[in-house]
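> sequence unknown, structure follows:
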């Protein structure tokens, strides 16, 4: 069975500071990992996926299979980054398994 | 084009009543998913449709929960004899097809059972 763990429920940082959201997963096969984001009063949306190896809105995430982690990082947080972030794992069976979410608050 | 829509946006019902939640996926998306999000918790998978068949119903919490889908279109999630623990936001998502993990989410239906 697959499992996704986001150990931090809340991350509070000042604008311009780095932010890192932790995500660990358990899955015996080759997973696909995603970060989804939900801004206030908006619907959940895809932020980035590991297979794209892209940077979106300044965020990057690297899949570390040895540590079974997919941490999300941004070197300089902005106030508009304040949101709820969910790490998700896609594996056999088509469904996504989500972590519990991390609320990010960027203070001015 | 239009995104995933869900109705109603809010539903308050009395314990023991049945409720139906509706999801309209993005046109052309063959895969459709239902999730539940309880307050302060992550998303919990309920059921997955490919076309109008449901190859994965593993997340339905009890036989009070059922879902159907008409072709590659509308889906309804029905909860019979609602209980207070059913209170949650029910989210629907769709994607282009199997193993296309980029899922597009609807705004959700907030269900409150009193």
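Arrived safely. These figures come from a predicted structure and were not determined experimentally.

> so where's chain B shaky on pLDDT?
By pLDDT under 70, the low-scoring segments of chain B are B:1, B:98-101.

> Show me the strands in it, by range?
With DSSP state E, the ranges of strands along chain B come out as B:5-7, B:10-13, B:19-24, B:31-37, B:43-50, B:53-56, B:65-69, B:75-79, B:88-95, B:104-105, B:109-113.

> could those strands go into a markdown table alongside distance to chain A and mean neighbour count?
Yep, even glycine has a C-beta here, placed from its N, CA and C like the rest. What follows is the strands of chain B, written out as a markdown table (distance: least, CB to the nearest CB, whole Å; neighbours: other CB atoms under 10 Å in any protein chain shown):
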| stretch | distance to chain A | mean neighbour count |
| --- | --- | --- |
| strand B:5-7 | 10 | 17 |
| strand B:10-13 | 14 | 14 |
| strand B:19-24 | 13 | 19 |
| strand B:31-37 | 6 | 24 |
| strand B:43-50 | 4 | 21 |
| strand B:53-56 | 6 | 14 |
| strand B:65-69 | 14 | 18 |
| strand B:75-79 | 15 | 20 |
| strand B:88-95 | 7 | 23 |
| strand B:104-105 | 4 | 20 |
| strand B:109-113 | 12 | 18 |
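
> In CSV, list those along with distance to residue A:71.
As requested, the strands of chain B are exported to CSV (distance: least, CB to CB, whole Å):
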stretch, distance to residue A:71
strand B:5-7, 32
strand B:10-13, 35
strand B:19-24, 32
strand B:31-37, 23
strand B:43-50, 20
strand B:53-56, 29
strand B:65-69, 34
strand B:75-79, 34
strand B:88-95, 24
strand B:104-105, 23
strand B:109-113, 31
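
> so which of the ones you listed gets nearest residue A:25?
Proximity to residue A:25 (CB to CB) singles out strand B:43-50 among these, at 14.9 Å.

> Can you name every helix or strand that the closest one contacts?
If contacts are counted by 3 or more CB pairs under 8 Å, 6 or more residues apart in numbering or on different chains; DSSP states H and E, strand B:43-50 sits against strand A:96-98, strand B:31-37, strand B:53-56, strand B:65-69, strand B:75-79.

> ok, and what's touching stretch A:22-29?
Residues outside stretch A:22-29 that contact it (CB atoms under 8 Å, 6 or more residues apart in numbering or on different chains): A:2-8, A:31, A:33, A:35, A:61, A:67-72, A:87, A:89, A:91-92, A:99, A:102.

> Just the buried ones from the residues you listed, in ChimeraX syntax?
The following ChimeraX line selects those of these that are buried, judged by 16 or more other CB atoms under 10 Å in any protein chain shown:
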select /A:2,4,6,31,33,35,61,68,69,70,71,72,87,89,91,99,102
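
> Can you flag which of the contacts of stretch A:22-29 belong to strands?
Residues from the contacts of stretch A:22-29 lying in strands, with DSSP E as the criterion: A:3-5, A:33, A:35, A:61, A:69-72, A:87, A:89, A:102.

> what ranges of chain A fall below the confidence cut-off?
Applying pLDDT under 70 to chain A picks out residues A:92-93.

> sorry, back to before: now the helices and strands packed on strand B:43-50 as CSV including distance to residue B:113?
Conversion of the helices and strands packed on strand B:43-50 to CSV gives the following (distance: least, CB to CB, whole Å):
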stretch, distance to residue B:113
strand A:96-98, 23
strand B:31-37, 13
strand B:53-56, 24
strand B:65-69, 13
strand B:75-79, 9
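
> Fine by me, thanks again.
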